[in-house]
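Engineer: Pasted the sequence and its predicted model underneath.
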Amino acid sequence: MVDNEHDFQKLVAGLKIDAEPDPGHRERLRRQMLQTFEETARASGAGAQQSPQKIVPLRRMPFVKLAVAATVLVAATAGVWTWLGRGGPMTFDQIRLATMKMPWMHAIVKGDQNGQVRTTQHWYNFAAQKTYVATDDGSVLGWDYGAGREQFVYSPRVKAVVVSELASVSPFGAESAYNLIDAFAVFAAKDDAEMTTWTAEHGGRTVRAYGIETPATGFNMAGRQAAGAQIVMMADPATKRVVAANVEYRSQDGSTLGREEWAIDYPQSGPGSMFELGVPANARVIDRRQQPVGTPGDEPAVIPTPAPTSSRKWVPLEIKLPRPQFVGTPQDARTPNLERPRGRPRPPFLAPPGTTNVALGKPVSASDRDPLYGSLDMVTDGDKKADDGSFIELGPKPQYVTIDLRERCEIYAIIIWHYHKLARVYFDVVAQVSDDKSFRNGVTTVFNNDRDNSLGLGAGTDLHYTETNEGKLLDSKGVQGRYVRLYSNGNTSDDLNHYIEVEVYGRPLGLIRDN
Amino acid sequence: MVAIMAKPVEQTGYDDLVELAKTQAGALGRLYELYYDRILRFCVHRLFNRATAEDVTSLVFLTVARMMRGFKGQTEQDFRAWIYTIAANQANAYIRKTTRRKRLMENVVAHRRTEEQDSGEWSSLDWPTLYGAIQQLKPEHQTILTLRFFENMDYDEIGRVVEARPATVRVTLHRVLRRLQEELRGDLGGEQ
């Protein structure tokens, strides 16, 4: 099996592959290479020592065609290299980052469908995660894919703005990609996507072009669903920003449905709201967010007022700790706002009688559905050891896990063991409780040490802490909810996110009422 | 907030050689001796066919010879990342040609031990079968896989070759292995 790297390494070690060098080829190539080196020196006028090797005439070499091809290739590459600069060819990721650093991106998009040309304007505020599109018939569309999670459509015909919850699939057909730059990156990251890059001319200047074919994207071209599209982004090598784009939409049978040409610029400011794009101030606003949608009977159950908690004396929680992996708590001097170690065991934590780990064995979901190591059920399997088979590893950048307690609970403590084999500090740890599994409504934040608001959930004031076998106990003060979500954003060792175990100490509200 | 910790640059005894090789043929010849076997081996693992691997190895060193004077790196570590980047690009360019890939796969199929393949046992996996599965991956993923398992590079070093962060390499490699496993399952006749 090749379930992991170790297995694959063993598999490879057992293979018989003939990679023994041929001394004849080695020697021929050596001479050829040194000859090429000297010729390059002469061509460039650089002084060079004469090689003591006897030079074999180039045309007698068996791989002469390849060598000539290499010469052409290298010459072409060198030409490109000159304008690409010292850093080498630009990856699209570099382009995306440079583009999205700008305060605003503005695009004038000319769409051509069967000779009918329409012009739209796009405004992107990447930092605020807002997109506006104004069409030539006076319609305005807006997407707030940041904190607001809502979308707007203004129709001049009915003079009304319809506000609704953000659709799960963006107008670009890519989940959570509400602008062309993100959409391109999402399509390019797909396993079957193959990006091609080349040098092109645009508007009298040399640009770097990045092209992909996107099958079945869900693109919409004037009401017709496109089966795919070819997107070409063009970037200025000097600024590394996208300056133009072409999109060609294709139907199921491969015929062209339409084309768009994007001319892109970067103004310092943009519309503060859709009302600055021609929506009249007196337009009627229809808020569809408050109307129930979905299958009848699927709406959340009415939440009863919980019964008063027991008046009996609170008792210490029984928390079983795993074996410590190191003595003392080494401090990472690079981490600001770091909690000082207690230097002694954690004092007992008091909770109402009957409080147990209500997370044990409960289902876990995560932003990274494909953990690098382990499976998500290991987060609540009761195994708190720091051994290799006891943790999960989620991908880099911000990630979260969500535990479904299966019923509303009164939660007194959440204990997190990220990875206590090393004295790491995990960044941007945020713990939230909600009855809404999407965590859009009714969210209570129990802990937040994301001081610079990297996650966009609001800046926290809690301290960073060092991982130990005791785990991090978060006092959640009896907050009520069904779902517990924990965020993190890499750690002092790497960019990845780990969980050994999460315990949620509380009492099911149904149980409290029954008692 | 993510802490970024720079790894110390690995010092080798050949750093001076890299500097000298920018102007002296003798030093470049010495570097060639150090790297010929590794690059040929890399090309064999990427391209299966021995003659093709030798041709592409030739292209790699001829490229090095032409560009060495302008090489900005200063250490052997820089040179290693650079030459493997050239090798990976040349190998990828070779196998991207559909006609070549077709010929390559015909060659691979001809070398397979079909009688053992039918047994459905992982232990019977031979190099042609594995190579055939690797060929189903994207060329960039083939590069990462080869550097990790055939060249035994760590994530940092692979990251320098493919211009990606070590964590990204790790994530990619993990997913590539899963994909490869699926390919191999198909090749070996179903789930194990």
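Structural biologist: All right, it came through fine.
Engineer: Tell me where the longest strand sits in chain A.
Structural biologist: Counting by DSSP state E, the longest strand found in chain A is strand A:399-417.
Engineer: What sits closest to A:Glu248 if chain neighbours are left out?
Structural biologist: Spatial nearest neighbour of A:Glu248, excluding adjacent residues (Cβ to Cβ, 6 or more residues apart in numbering or on different chains): A:Gln230 at 4.7 Å. Placement of C-beta: from N, CA and C, glycine included.
Engineer: for the helix or strand containing that neighbour, what is the average pLDDT?
Structural biologist: A:Gln230 is part of strand A:228-236, with elements assigned from DSSP states H and E. Strand A:228-236 shows a mean pLDDT of 87.
Engineer: just for chain B, where's the confidence low?
Structural biologist: For chain B, residues meeting the criterion pLDDT under 70 lie at B:1-13, B:97-124, B:186-192.
Engineer: again, only using 80
Structural biologist: Scanning chain B for pLDDT under 80 picks out the ranges B:1-13, B:95-125, B:185-192.
Engineer: which residue ranges form the helices in it?
Structural biologist: B:15-20, B:25-47, B:50-67, B:76-96, B:98-111, B:114-117, B:127-134, B:139-149, B:155-162, B:166-187 (DSSP state H).
Engineer: Include distance to A:Gly374 when you put these into TSV, please.
Structural biologist: As requested, the helices of chain B are exported to TSV (distance: least, Cβ to Cβ, whole Å):
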stretch	distance to A:Gly374
helix B:15-20	41
helix B:25-47	30
helix B:50-67	38
helix B:76-96	31
helix B:98-111	34
helix B:114-117	32
helix B:127-134	25
helix B:139-149	20
helix B:155-162	19
helix B:166-187	11
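Engineer: looking at the ones you listed, which is closest to A:Phe349?
Structural biologist: helix B:166-187 (34.8 Å; Cβ to Cβ).
Engineer: How far away from the center of its chain is that closest one?
Structural biologist: 15 Å (Cα atoms, centre = their mean, to the nearest Å).
Engineer: returning to what we had before: and the longest strand of chain A, what's buried?
Structural biologist: A:399-403, A:405, A:408-417 (16 or more other Cβ atoms under 10 Å in any protein chain shown).
Engineer: Residues in contact with the helix or strand encompassing A:Phe447: which ones?
Structural biologist: Using DSSP H and E, the element containing A:Phe447 is strand A:444-448. Applying Cβ atoms under 8 Å, 6 or more residues apart in numbering or on different chains, the contact partners of strand A:444-448 are A:411, A:414, A:429-434, A:457-462, A:474-477, A:479, A:481.
Engineer: and with 10 Å instead?
Structural biologist: Strand A:444-448 has contacts (Cβ atoms under 10 Å, 6 or more residues apart in numbering or on different chains) with A:411, A:413-414, A:416, A:428-435, A:455, A:457-463, A:465, A:472-477, A:479-481, A:484-487.
Engineer: For the closest residue to A:Ile319 other than its chain neighbours, give me the pLDDT.
Structural biologist: Among residues not flanking A:Ile319 along the chain, A:Ile415 sits closest, at 6.7 Å (Cβ to Cβ, 6+ apart). As summarised for this prediction, A:Ile415 has a pLDDT of 96.
Engineer: who does A:Ile415 bridge with?
Structural biologist: Taking DSSP bridges as the rule, A:Ile415 bridges to A:Leu473, A:Glu503.
Engineer: what separates it from A:Arg259, distance-wise?
Structural biologist: A:Ile415 sits 57 Å away from A:Arg259, taking Cβ to Cβ, to the nearest Å as the criterion.
Engineer: same question, B:Val60
Structural biologist: 41 Å.
Engineer: Repeat that for A:Ala177.
Structural biologist: Counting by Cβ to Cβ, the gap from A:Ala177 to A:Arg259 is 21 Å.
Engineer: Next: A:Val186.
Structural biologist: 21 Å.
Engineer: So the residue nearest to A:Glu248 sits against A:Met195, correct?
Structural biologist: No - A:Gln230 lies out of contact with A:Met195 (Cβ atoms under 10 Å); the separation is 11.6 Å.
Engineer: Could you name every residue contacting both of these two?
Structural biologist: Both A:Gln230 and A:Met195 are in contact with A:211-213, where contact means Cβ under 10 Å, 6+ apart.
Engineer: Which of the residues you listed fall in strands?
Structural biologist: Those of the shared contacts of A:Gln230 and A:Met195 lying in strands (DSSP E): A:211-213.
Engineer: Export those residues as CSV, with columns for distance to chain B.
Structural biologist: Output for these, formatted as CSV (distance: Cβ to the nearest Cβ, whole Å):
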residue, distance to chain B
A:Gly211, 14
A:Ile212, 13
A:Glu213, 14
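Engineer: which of the residues you listed are buried?
Structural biologist: Among those, those buried by neighbour count (16+ other Cβ under 10 Å) are A:211-213.
Engineer: one step back: quick one, the strand holding A:Phe447 and strand A:399-417 angle?
Structural biologist: Here strand A:444-448 points in a direction 70 degrees away from that of strand A:399-417 (axes from the mean of the first three to the mean of the last three Cα atoms, to 10 degrees).
Engineer: Go through strand A:444-448 and flag the buried ones.
Structural biologist: A:445-448.
Engineer: Could you point out which of the buried ones among the ones in strands among the shared contacts of A:Gln230 and A:Met195 is nearest to A:Gly510?
Structural biologist: The closest of those, once distances to A:Gly510 are taken by Cβ to Cβ, is A:Ile212, at 51.5 Å.
Engineer: Stretch B:76-95 vs chain A: in contact?
Structural biologist: Yes - judged by Cβ under 10 Å from any Cβ of the partner chain, stretch B:76-95 and chain A are in contact via B:82, B:85-86, B:89-90, B:93.
Engineer: filter these to the buried ones?
Structural biologist: Neighbour-count burial (16+ other Cβ under 10 Å) is assigned, among the residues of stretch B:76-95 next to chain A, to B:82, B:85-86, B:89-90.
Engineer: tell me the domain ranges of chain A?
Structural biologist: A:22-84, A:92-290, A:315-339+A:347-514 (automatic domain parsing).
Engineer: With respect to burial, which of those scores highest?
Structural biologist: Neighbour counts (mean count of other Cβ atoms under 10 Å in any protein chain shown) averaged over each of the domains of chain A peak at domain A:315-339+A:347-514, with a mean of 18.
Engineer: and that one, how far out from the chain's middle?
Structural biologist: On Cα atoms, centre = their mean, the centre of domain A:315-339+A:347-514 falls 21 Å from that of its chain.
Engineer: go on, stretch B:130-147?
Structural biologist: 9 Å.
Engineer: So that stretch, near chain A or not?
Structural biologist: Yes - against chain A, stretch B:130-147 shows contacts by Cβ under 10 Å from any Cβ at B:130-131, B:133, B:137-141, B:145-146.
Engineer: Output that stretch in CSV, but only the C-alpha positions, please.
Structural biologist: The C-alpha coordinates for stretch B:130-147 follow below in CSV (Å, rounded to 0.1, in the frame of the first residue of the first chain):
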residue,chain,number,x,y,z
LEU,B,130,4.6,2.3,-11.2
TYR,B,131,6.0,4.6,-13.9
GLY,B,132,2.8,4.1,-15.9
ALA,B,133,0.8,5.3,-12.9
ILE,B,134,3.2,8.3,-12.3
GLN,B,135,2.7,9.3,-15.9
GLN,B,136,-1.0,9.9,-15.1
LEU,B,137,0.0,12.8,-12.8
LYS,B,138,0.6,16.3,-13.8
PRO,B,139,4.2,16.9,-14.9
GLU,B,140,4.8,19.3,-11.9
HIS,B,141,3.5,16.7,-9.5
GLN,B,142,5.8,14.1,-11.1
THR,B,143,8.7,16.4,-10.5
ILE,B,144,7.8,16.7,-6.8
LEU,B,145,7.3,13.0,-6.4
THR,B,146,10.6,12.2,-8.1
LEU,B,147,12.6,14.7,-6.1
